[in-house]
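Student: What would the 3D arrangement of this be:
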Amino acid sequence: MTLRTYRVVDWDATLLILASALILLAALILGVWKFRQMATSENGQAHPYVDIAHRAALMYSFATLVLVPLVHFGAWPTWVNLVASGAVVFFFVAAIVSYVVHGFLRDTDNQFVRPVPGTHAFMYALAATEIGGLLVLIVGFVRGPLLVS
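Tutor: Coordinates of the predicted model:
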């Protein structure tokens with residue numbers, strides 16, 4: 001029997017890989033919920049927000065993987081990578097959770113028609129944090145392998 005040897009991956013990249021896997025697991029579970037709604041509805045469709053939650057979780061799981069090489073090969077210290085990537089992933093998950101809530105409650109098919117208080121503030125915070133966190137990671141990546149020769 002031979003033992004595999006693994007290259008050490010920093011905590012920031014390791015946590016992102018785990019987050020990606022857990023978001024993908026959530027997407028697969030949401031897919032079962034979506035299938036069940038499709039199978040039992042008169043029109044063969046799931047509630048729009050169940051569909052959105054499933055698709056968003058699938059996309060966010062792979063988007064989280066994009067952060068892994070930016071963190072792994074970037075020039076920032078681990079704490080900067082953890083804060084920037086953690087903030088991005090937090091809002092990925094928060095968006096999925098909000099879609100799940102609307103799908104469970106079946107309260108709307110468009111959360112912006114009659115938004116609850118804080119909806120717009122949440123969207124501004126989501127956009128600023130996701131874009132800002134990603135930009136921090138991109139700058140760290142550019143400072144790392146691209147500028148260090």
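Student: Distance-wise, check Glu130 relative to Val66.
Tutor: Distance check for Glu130 against Val66: by C-beta to C-beta, to the nearest Å, it reads 12 Å. Backbone N, C-alpha and C define where each C-beta goes, glycine included.
Student: So for those two, which residue has more residues nearby?
Tutor: Set Glu130 next to Val66 and count neighbours by other C-beta atoms under 10 Å: Glu130 wins out with 18 against 12.
Student: what helix or strand is the more buried one on?
Tutor: Using DSSP states H and E, the element containing Glu130 is helix 119-141.
Student: Go ahead and name everything in contact with that helix.
Tutor: Helix 119-141 is contacted by residues 67, 69-71, 73-76, 80-81, 84-85, 87-88, 90-92, 94-95, 98, 111-112 when judged by C-beta atoms under 8 Å, 6 or more residues apart in numbering.
Student: go with 7 Å
Tutor: Residues outside helix 119-141 that contact it (C-beta atoms under 7 Å, 6 or more residues apart in numbering) are 67, 70-71, 73-76, 80-81, 84-85, 87-88, 91, 95, 111-112.
Student: same for the longest helix along the chain, what does it pack against?
Tutor: Looking across the chain with DSSP state H, the single longest helix is helix 11-40. Where contact means 3 or more C-beta pairs under 7 Å, 6 or more residues apart in numbering; DSSP states H and E, helix 11-40 is packed against helix 48-72, helix 78-105.
Student: Those helices: which one's closest to Ile23?
Tutor: Among these, helix 48-72 comes nearest to Ile23, with 4.0 Å by C-beta to C-beta.
Student: got the contact list for the closest one?
Tutor: For helix 48-72, with C-beta under 7 Å, 6+ apart as the criterion, the contacting residues are 9-10, 12-13, 16-17, 19-20, 23-24, 26-27, 30-31, 33-34, 37, 81, 85, 88-89, 92, 95-96, 99-100, 102-103, 109, 137-138, 140-141.
Student: Sounds good, over and out.
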